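Visitor: Here's my sequence, what's the structure:
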Amino acid sequence: MKRRSFDYDEEILTQINARIKKGAADPGDEVQDVNDIINRTSGAVIEVNKELGSGFPDKVYENALMLELRKQGLRSRNHVPVKVKYKGV
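Guide: Below you'll find the predicted structure:
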């Protein structure tokens, strides 16, 4: 199986690298930050599922998840374009 190649948000990578170079962050701290975001995001998804159950259109879950993520203190945006390289294109 071939690995997929993603273009990462350059601004985010630049900020992380700047923090590491300044000594403001240990690279391990970034991993902890990512794990925290993953855990909080997973918790938000579970909370929305528990609250709404099944049977609603996707847009209902999307809106509820956006609200729950903000409640969890996470900034979020929906329908953000993502660049993906596919077969070298």
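
Visitor: As a check, name the ranges of all strands in the protein.
Guide: For the chain, strands defined by DSSP state E occupy the ranges 5-6, 84-85.

Visitor: Worst mean pLDDT among these?
Guide: Comparing mean pLDDT over the strands of the chain, the weakest stretch is strand 5-6, at a mean of 45.

Visitor: Excluding covalently adjacent residues, which one is nearest to Gln72?
Guide: Here the nearest residue to Gln72 in space, its sequence neighbours aside, is Arg40; by CB to CB, 6 or more residues apart in numbering that works out to 4.7 Å. No exception for glycine: its C-beta is placed from N, CA and C like everyone else's.

Visitor: Could you do Ile37 as well?
Guide: Distance criterion CB to CB, 6+ apart; nearest residue to Ile37, sequence neighbours excluded, is Leu74 at 6.7 Å.

Visitor: So that neighbour sits against Ala44, correct?
Guide: Yes: proximity of Leu74 to Ala44 meets the contact threshold set by CB atoms under 8 Å, at 7.4 Å.

Visitor: Thanks a lot, catch you later.
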